[in-house]
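A.B. asks: Mind looking at a prediction? Sequence and model below.
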Amino acid sequence: MIVAGFDLGTLAAKAVILRDGEIVSSEIRGIKAVPEKVAQDILDKALSQAGLSQEDVVYSVSTGWGRKRVPFANLDMADMPCLAKGAKWLIPSARTVIDVGGQSIRALSINEAGKVLEYNTNDKCAAATGRFLELVAEALELKLEELASLAAQSKEPAKISSQCCVFAESEVVTLVNEGINLIDIVAGVHDSIVRRLAATSGTIGIVEDVVMTGGCAKNERLVGSLGKQLKVDIKTVDVDPQLVGAIGAAVIAQEKASAA
Amino acid sequence: MVIAGCDVGSLSAEAVIMKDGSIVASEIIRVRPRPEQSASDVMDAALSKAGMTYKDIEGCFSTGYGREKIPFASGNISEISCHGKGAQWLIPSVRTVIDVGGQDCKVIKVDENGKLVNFVMNDKCAAGTGRFLEFMAKVLGIGIEDLGPQGLSSEQPVSITSFCSVYAETEVLHSIYEGKAVADIAAGINHAMSERVKALVKRVGVEEDICITGGVAKNTGVVKNLEAALQVSAQKLTVDPQLIGALGAALFAREALANQNR
């Protein structure tokens, strides 16, 4: 049985194809066109990777910000249940999921069945999300992927006082002009994000195992420091952490198709 | 009597030179890495326009976030007081000054002498500041100075509902993907901006006359939207709205000098 899951975030779209309960292909792409087109493009790409065609897909579920804009999806679902389902499917012992995406922070506690018990999100402000790191990387002319290893070299992280992404971007430029070491600035940015993430996720009551997902889970400095701050060992998934929502959607698609 | 005021903000620095109660020269520059340097550069330029040197200045006050680091200033005073002072001196009937600067937004209430009565300010979030407009203009691929005229030409403004600059950026991008016209998006940005400012103004209330100062006062689109939202008409300033802080600082320098000589 072949099913598909889609997660259309604000910045990136993800597709996952499952065949008989195994991931056979996936695709991640930045959203640079109308969501309907991006959804079709990533489906086509993922299908061609797996040597499949759209007729082979018996059921598909969409989630994320653009979930209503995936024309071929059989069902659209809210983000949280998909994230919970995906994290639980990948790491059955997961009881807390901290998802830090391009513009969102979502902390959820889940039960043994993968049901969401409680959650907290960032609401009206993009502070401490992936876009924050992206803006800092752009301002410092660094690659997003090199930030974590640079931060690891710092012995004296700089203090970043702005929570606002846009102001933080200006603040790091000021720090550079003041002659502060680049690695200390980058480390300071990580620290400021971690404080905010800890505050957002702390409210739900952290129960182990804790799993971090979303694009920011690729940053080992954030994962490590957040674990220290929350006094737990944070696990990461062995697939691209950006895919967890789409995987959850695909797993739900599989359940729906099996039940039908 | 020659006096001067210097306003070193987060994005721009301004200098005003006054002689016997009239502005004789002024200058606006983009800030340099250090506030001291911004101050010297902008004052050097203003002095050279006036055909004067530092020796001619009898008193100079500094203001703005870099105000404590200005070597040639004889005193410094907060930009809140300066905007109130400068605006009320230009237009004596003004009681509410809305100053929208590069990285903050302030609503300042003054009495008939230009003295500060009350104020509110946002400097924690880029929403409702010049930085928001700069950020949006960049996403839209036009100059910040084009946002106003472009927006005014729109008949179908797009709706931008997010408060956060980053979320608004996404809304703008999605409008672009959907093929919306630049003018309509610009109008949406100006409207969103004026809504943020309005929210701040509502916290202290509007007392007429009002005027709008700071760089954002140059965005005709935002000004029109804000006037409509507050149901008032803003008094027109006869000098560049970005200079009001520096002007207020110069007026405080004049008062200090007068007190000294008394």
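C.D. replies: Right, received. Where do you want to start? Numbering: from 1, shown residues only, chains lettered A, B, ... in the order given.
A.B. asks: Enumerate the residues of the stretch 101-250 of chain A near chain B.
C.D. replies: Proximity of the stretch 101-250 of chain A to chain B, by Cβ under 8 Å from any Cβ of the partner chain, involves residues A:103, A:124-126, A:129, A:131-132, A:135, A:162-167, A:170, A:174, A:177-178. Placement of C-beta: from N, CA and C, glycine included.
A.B. asks: quick check: domain ranges of the chain?
C.D. replies: Here I'm looking at chain A. In terms of domains, chain A is parsed into A:1-91+A:242-260, A:93-236 (source: automatic domain parsing).
A.B. asks: could you do chain B instead?
C.D. replies: Looking at automatic domain parsing, the domains of chain B come to B:1-91+B:239-262, B:92-236.
A.B. asks: got JSON lines for those, with distance to residue A:45 too?
C.D. replies: Below are the domains of chain B laid out as JSON lines (distance: least, Cβ to Cβ, whole Å):
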{"stretch": "domain B:1-91+B:239-262", "distance to residue A:45": "43"}
{"stretch": "domain B:92-236", "distance to residue A:45": "19"}
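A.B. asks: and of the ones you listed, who's closest to residue A:92?
C.D. replies: Closest to residue A:92 of the domains of chain B, according to Cβ to Cβ: domain B:92-236, at 34.2 Å.
A.B. asks: ok, now which ones touch residue A:76?
C.D. replies: A:61-63, A:67-68, A:70 (Cβ atoms under 8 Å, 6 or more residues apart in numbering or on different chains).
A.B. asks: Could you export the residues you listed as CSV, including distance to chain B, neighbour count and secondary structure?
C.D. replies: Listed next are those as CSV, based on distance: Cβ to the nearest Cβ, whole Å; neighbours: other Cβ atoms under 10 Å in any protein chain shown; DSSP: H, G, I helix; E, B strand; the rest coil:
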residue, distance to chain B, neighbour count, secondary structure
A:61, 22, 29, strand
A:62, 17, 29, strand
A:63, 17, 31, strand
A:67, 14, 24, helix
A:68, 13, 12, helix
A:70, 15, 29, coil
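A.B. asks: Could you identify the most distant pair in the residues you listed?
C.D. replies: Across the contacts of residue A:76 (Cβ to Cβ), the longest gap, 12.4 Å, separates A:61 and A:68.
A.B. asks: List the single closest residue to residue 100 in space, sequence neighbours excluded.
C.D. replies: No chain was given, so I picked chain A. residue A:216 (3.6 Å; Cβ to Cβ, 6 or more residues apart in numbering or on different chains).
A.B. asks: you looked at the wrong chain, it should be chain B
C.D. replies: Counting by Cβ to Cβ, 6+ apart, the residue nearest residue B:100 is residue B:216, at 3.6 Å.
A.B. asks: contacting residues for the one you found?
C.D. replies: By Cβ under 8 Å, 6+ apart, the neighbours of residue B:216 are B:100-101, B:129-130, B:133, B:193, B:222.
A.B. asks: Out of the contacts of residue A:76, flag the one nearest to residue A:44.
C.D. replies: Among the contacts of residue A:76, residue A:70 lies closest to residue A:44 (Cβ to Cβ), at 13.0 Å.
A.B. asks: Not including adjacent chain positions, what is the nearest residue to residue A:53?
C.D. replies: Nearest non-adjacent residue to residue A:53 (Cβ to Cβ, 6+ apart): residue A:47, at 6.2 Å.
A.B. asks: ah, wrong one, I meant residue A:188
C.D. replies: residue A:158 (3.6 Å).
A.B. asks: so how many other residues sit close to the one you found?
C.D. replies: Neighbour count for residue A:158, taken as other Cβ atoms under 10 Å in any protein chain shown: 21.
A.B. asks: likewise the one 5 residues further on?
C.D. replies: Around residue A:163 sit 18 other residues, with neighbours defined as other Cβ under 10 Å.
A.B. asks: Thank you, goodbye.
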